[in-house]
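Peer 1: what's the 3D shape of this:
(one chain, ligands or ions: 1)
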Amino acid sequence: MSPIIDPINELLIAHGLRRTYAAKLVLGWFLAHPDTSYTHSQLLAVLAKDQHEELDKVTLYRLVDRLTQVGLLLCRVDVNRVRRFQAMPASVHAIPHFECQSCHRDSPLSDALKANANDLERAAQNALEALKALGYQGYSMDFAVRGVCADCATGESH
Ligand SMILES: [Zn+2]
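Peer 2: All right, here's what the predicted structure looks like:
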């Protein structure tokens, strides 16, 4: 038998993450459920149910945040302003946008960044190519930058 390359291990290594039991479990779960967008607490519940094992809440939350930081998970804020996570999708063209944490407006970054927006898109596409090379399929992608928008930062009303 040829050695089996575990794509989850490969992804963790490629993103500088430790291959802990929890990291493999969480990333593996998201990749196995590419169309599912879960909140922290929904994830905690489903993992407890699937694995018959309760992960420490703080550990799980930190792990999800870390996976999101390195771009393996996508985080979106839903209409109730709750953060939802899903495996980073790929096929839809990434439209970099900015999510203001203060007024919760979501606006495209292309106007603000002009030519630099292309660099973001290229970086996103490179990440997708890496996933594709590992055999992942059927993804779409969303590229969000989170922070405080210029209006909120300067205290102007809008
Ligand atoms: Zn704002």
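Peer 1: how about the closest residue to residue 9 other than its chain neighbours, secondary structure?
Peer 2: Sequence neighbours aside, residue 19 is the residue nearest to residue 9 in space, at 5.5 Å (criterion: Cβ to Cβ, 6 or more residues apart in numbering). The way it works is simple: take the backbone N, C-alpha and C, and place the C-beta from them, glycine included. Under DSSP: H, G, I helix; E, B strand; the rest coil, residue 19 falls in the coil class.
Peer 1: residue 19 and residue 8, how far apart?
Peer 2: Distance, residue 19 to residue 8, by Cβ to Cβ, to the nearest Å: 8 Å.
Peer 1: of these two, who's got more company?
Peer 2: residue 8 (19 against 14; other Cβ atoms under 10 Å).
Peer 1: assign a three-state SS to that one, would you?
Peer 2: helix.
Peer 1: pretty sure it is touching residue 27, no?
Peer 2: Yes. The pair residue 8 / residue 27 is scored as a contact, 5.5 Å apart, by Cβ atoms under 8 Å.
Peer 1: tell me the spacing between the residue nearest to residue 9 and residue 38.
Peer 2: 22 Å.
Peer 1: what pLDDT does residue 38 get?
Peer 2: Listed pLDDT for residue 38 reads 91.
Peer 1: how about the nearest residue to residue 26, chain neighbours excluded?
Peer 2: Closest to residue 26 by Cβ to Cβ, 6+ apart is residue 63, at 5.5 Å.
Peer 1: where does the chain dip in pLDDT?
Peer 2: Scanning the chain for pLDDT under 70 picks out the ranges 1-5, 52-53, 89-95, 117, 138-142, 156-158.
Peer 1: those residues of it touching the ion, which are they?
Peer 2: The chain comes close to the ion at residues 100, 102-103, 149, 152, as judged by Cβ under 5 Å from the ion.
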